[in-house]
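In: Fold the stuff below for me.
(one chain, ligands or ions: 1)
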Amino acid sequence: MSNTSAAPRQENRTPEVEVLISADRIAARVRELGAEISRDYRHRSLRLVGVLKGAFVFLADLLRAMDHPDLTLDFLGVATYGSGSQTSGEVRVTKDLDQSIEGLDVLVVEDILDTGVTFHYLTTALRNRKPASLQTVTLLDKPSRRIRPVQADYVGFSIPDAFVVGYGLDFAQRYRELPYIGVLKT
Ligand code: 5GP
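Out: Purely as a prediction, here's the structure:
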């Protein structure tokens, strides 16, 4: 008979990555964010817009941490980094929204706010589509790296200036599966 119990959460799955935020800390913070956002939007329908690819894990957990009667979901794909860890400063839309957001209360779900270039580009483009309101939640924030003076409405964790991977975030498309946020030891 196969063993159906959940595998223990390993915090050191790969030697190249040093754990910065454990899976348990992420889970606790995501639960808090879910409760706070549900409370703030309790009288309004809410369209969550997940920014691919990095935010897909955070979005999946945030969604399930929410207790809200009228939630809908869409995705937007953007690419800012090539295959390395230095930003090109160029934002490329790889997938547009499937549905109009005109007149809707929209919450953009981001993985990480770094220089703010992507965030500025996205929020400007989405505001042009005339939502009733537009707010943002980011799991991670690196305020020391800002080029654009932008701020998210909800922030999971403020982190120092280091390139992080895991929990959906990649380096050259790798490490997205790690259940924690870690720093790449180069
Ligand atoms: P920004 O435009 O704010 O500089 O960068 C935002 C995007 O760059 C994020 O959505 C993410 O895709 C990528 N990014 C920025 N910092 C990091 C990081 O530390 N690790 C990873 N994996 N991606 C990052």
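In: from what I can see residue 168 touches residue 52, true?
Out: No: using Cβ atoms under 8 Å, residue 168 makes no contact with residue 52, being 9.5 Å away. Every C-beta, even on glycine, is put in place using the N, C-alpha and C of the backbone.
In: more crowded one of the two?
Out: residue 168 (24 against 16; other Cβ atoms under 10 Å).
In: Apart from its chain neighbours, what residue comes closest to that one?
Out: Here the nearest residue to residue 168 in space, its sequence neighbours aside, is residue 57; by Cβ to Cβ, 6 or more residues apart in numbering that works out to 3.5 Å.
In: ditto for residue 75
Out: That would be residue 50: by Cβ to Cβ, 6+ apart, it lies 4.9 Å from residue 75.
In: Name the helix or strand for that neighbour, please.
Out: strand 46-52 (DSSP states H and E).
In: ok, the residue nearest to residue 168 - contacts?
Out: Residues near residue 57 by Cβ atoms under 8 Å, 6 or more residues apart in numbering: 167-168, 176.
In: so can I have CSV of those showing pLDDT?
Out: Shown next, in CSV, are these (pLDDT from 0 to 100):
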residue, pLDDT
167, 98
168, 97
176, 96
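In: residues contacting the residue nearest the centre of the chain?
Out: Centroid check for the chain by Cα atoms, centre = their mean gives residue 111 as the closest residue, at 2.3 Å. The contact partners of residue 111, taken as Cβ under 8 Å, 6+ apart, are 51, 54-55, 58, 138-140, 168-169.
In: quick one on the thing from earlier: residues in contact with the strand holding residue 50?
Out: 37, 56, 59, 62-63, 68, 70-78, 94-95, 97, 101, 104-111, 118, 122, 126, 131.
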